[in-house]
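Visitor: Quick one, structure for this:
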Amino acid sequence: MCENTQENESSTNEAPAMQAGASVIEEESMTLHLGTDIPSTPADGKVNTIWVPTIADINNPKLTEIQAGTDISNYVTLGGWNCSPSQDTINDQRENSTMDFGNPGRKKISGSSIEVIDNTNTEHKAQNVAMDTLNEGVDGFFVRRYGKDTAAEFAVGDVVNVYAVRIGMRVKDAIAANTVLRSKVNFTVRDPGWAEDVKVIA
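Guide: Model (predicted):
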């Protein structure tokens with residue numbers, strides 16, 4: 001009787017382990033798909049830039065907050081958005097190792113600016129929203145949305161980047177042949193910083 005009991009216990013203990021192993025194998029087979037064709041999306045016309053005066057929580061921007069902003073998307077020149085976050089590395093060297101290790105360190109954005117159409121003093125001076133809005137010393141938020149047609153309305157669930165900024169000095173671009181009038185607007189990131197790939201909430 002004792003031997004039968006031990007065999008039964010052994011079978012009972014092994015069954016979950018075998019089932020768990022089978023589950024892992026099945027999961028691994030589902031995640032590896034070699035040679036799968038992945039489509040790409042052309043970037044042209046798939047970005048919005050909104051200037052928003054107030055956002056309570058950059059990690060949870062509200063649709064109503066964005067809708068209260070100013071759309072300057074059509075003023076931003078191609079390649080005119082210059083705001084690239086970077087991250088330092090914390091060195092973690094050990095005396096007894098032949099390798100150097102590291103950890104993710106402080107994040108920062110430096111040298112940020114946005115280049116916009118500048119219709120000051122021209123026959124189009126009434127259409128100069130970017131220059132009229134982005135004045136030196138003003139605090140606000142840039143909201144950037146990628147992947148949807150620029151004419152598509154913002155909606156709950158949209159994934160956006162939010163940057164809390166202070167506008168700096170503005171510099172008119174040099175005049176050159178076959179160009180339009182433009183200005184570079186410098187800005188710095190202020191507290192509470194920035195949040196990327198966050199969802200718009202109701």
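
Visitor: Would you map the helices across this structure?
Guide: 2-31, 63-67, 129-133 (DSSP state H).

Visitor: So which elements touch the longest strand seen in the chain?
Guide: What stands out as the longest strand in the chain, according to DSSP state E, is strand 182-199. Strand 182-199 sits against strand 76-82, strand 113-117, strand 159-172, with contacts defined as 3 or more Cβ pairs under 8 Å, 6 or more residues apart in numbering; DSSP states H and E. Glycine gets a C-beta too; all of them are placed from N, C-alpha and C.

Visitor: just so I know, which of these lies nearest residue 142?
Guide: Set against residue 142 and scored by Cβ to Cβ, the helices and strands packed on strand 182-199 come closest in strand 159-172, at 4.5 Å.

Visitor: what's the angle between that closest one and strand 113-117?
Guide: Put simply, strand 159-172 runs at 70 degrees to strand 113-117, going by axes from the mean of the first three to the mean of the last three Cα atoms, to 10 degrees.

Visitor: quick one: average confidence on strand 159-172?
Guide: Averaging pLDDT along strand 159-172 yields 98.

Visitor: buried sites along that strand?
Guide: The neighbour-count check on strand 159-172 (16 or more other Cβ atoms under 10 Å) flags 160, 161, 162, 163, 164, 165, 167, 168, 170 as buried.
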